[in-house]
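J.: fold the following.
(chains A and B)
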Amino acid sequence: MKFGVVVFPGSNCDHDAYHVLKHVLGARVEYIWHKDTTLRLFDVIVLPGGFSYGDYLRAGAVARFAPIMPEIMHFAEKGGKVIGICNGFQILMEAGLLPGALIPNDHMRFRCQEVYLKVTNNATAFTRVYDAGQVIKMPIAHYCGQYFAEDDILKQLQDQERIAFQYCDSKGEINAAANPNGSKLNIAGILNEEKNVLGMMPHPERAAESILDSEDGLGIFKSLLGSD
Amino acid sequence: MWLAKIVVTYKKGILDPEAKTIQHALVTLGYQNIEGLEAGKYFEVRLKSDLKRNQAEKLIYEICDRVLSNPVIQKYSVELVEAE
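T.: Numbers count the residues shown, from 1 in each chain, chains lettered A, B, ... in the order given. Model (predicted):
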């Protein structure tokens, strides 16, 4: 099981993801440079958080045209596992690997805080170590994280069990007060139809050591390590 | 040379908090007659003059659909003029 962490100009959570995978979990991991045009052999690709290309035009809009991206798209289309965190989620959406869009938070403020998430679908390669409906805690740090999709897409996401995580309160209640950015259906993370691509706004790599208050994010990487 | 003037804005039904904030600020300043406000991004793209008008148009629409706008949430308008 080998992970690859893509490094774009402006990525700033690439080292955190690398650190958690290598030093906390002892997994094999390498960086992938955005200008590469061939992809070495990987089992999971991580598109990390940050501000690739300064968020110019739209968050993720320029990174999706990076030289490495056709290879990542191809990898995902063949069934390779891809996880996009925060800016990585925005990139996946701009690339069309996940439906919908991420628009500025409804209150126009950058939010850096811990949130509670409900594990809405625990039957995926990314969430299998969690219990169904488990409430987990990890931070968000974004300005452009309001998930938007038309109603028919939202229905499809629900019907096909493609909502991985939803913002909730500490008791697991999904309500407006627990929604930090105005996302439709409190969506914090979604999957593609084949469920080999996950995009999420919260940062599991920042909740992976007890010194950081929460280790709940480790479950995602552990789930992946346990998968084929 | 061809000059394409492109304006990208949010589609109807997408809440644009920036536009709402600006509108609210104007009303607070006493401009009570404002009924609505849209904010957007403006681009000027210059194209080589040896393109025919229909070629230039095709190129600009492709750029708008593919890069300058996100069709999920945004719409755009284009004005293509001949410029020096």
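
J.: which parts of chain B sit against chain A?
T.: Residues of chain B found near chain A (Cβ under 8 Å from any Cβ of the partner chain) are B:10, B:14-18, B:21, B:41, B:67-68, B:70, B:72-73. C-beta: built from backbone N, CA, C; applies to glycine.

J.: out of these, show me where the pLDDT dips lowest.
T.: Within the residues of chain B next to chain A, B:Leu15 has the lowest pLDDT, namely 85.

J.: what's the burial count for that residue?
T.: By other Cβ atoms under 10 Å in any protein chain shown, 13 other residues sit near B:Leu15.

J.: that one should be in a helix, yeah?
T.: No: remark: B:Leu15 does not belong to a helix; assigned using DSSP: H, G, I helix; E, B strand; the rest coil, it is coil.

J.: so which of the residues of chain B next to chain A is the closest to A:Asp36?
T.: A:Asp36 has its nearest neighbour among these in B:Val67, at 21.7 Å by Cβ to Cβ.

J.: name the SS class of the closest one, please.
T.: With three-state DSSP as the criterion, B:Val67 reads helix.

J.: what sits against it?
T.: A:Leu57, A:Ala61, A:Phe65 (Cβ atoms under 8 Å, 6 or more residues apart in numbering or on different chains).

J.: if you rank those by neighbours, which is first?
T.: A:Ala61 (21 neighbours).

J.: show residues contacting the helix or strand harbouring B:Arg46.
T.: For B:Arg46, the element it lies in under DSSP states H and E is strand B:40-47. With contact meaning Cβ under 8 Å, 6+ apart, strand B:40-47 is reached by A:57, B:1-10, B:56, B:59-60, B:63, B:68, B:83.

J.: contacts only, for A:Phe75.
T.: Contacts of A:Phe75 (Cβ under 8 Å, 6+ apart): A:Leu39, A:Phe42, A:Ile45, A:Val82.

J.: just the pLDDT at the last one, thanks.
T.: Taken from the predicted model, the pLDDT recorded for A:Val82 is 98.

J.: could you do A:Leu212 as well?
T.: On pLDDT, A:Leu212 comes in at 88.

J.: chain B: strands as residue ranges?
T.: Here chain B has its strands, by DSSP state E, at B:2-10, B:40-47, B:74-82.

J.: show me what the first one is packed against.
T.: The criterion is 3 or more Cβ pairs under 8 Å, 6 or more residues apart in numbering or on different chains; DSSP states H and E, and the helices and strands that strand B:2-10 contacts are strand B:40-47, helix B:53-63, strand B:74-82.

J.: buried ones in that strand?
T.: B:Trp2, B:Ala4, B:Ile6, B:Val7, B:Val8, B:Thr9, B:Tyr10 (16 or more other Cβ atoms under 10 Å in any protein chain shown).
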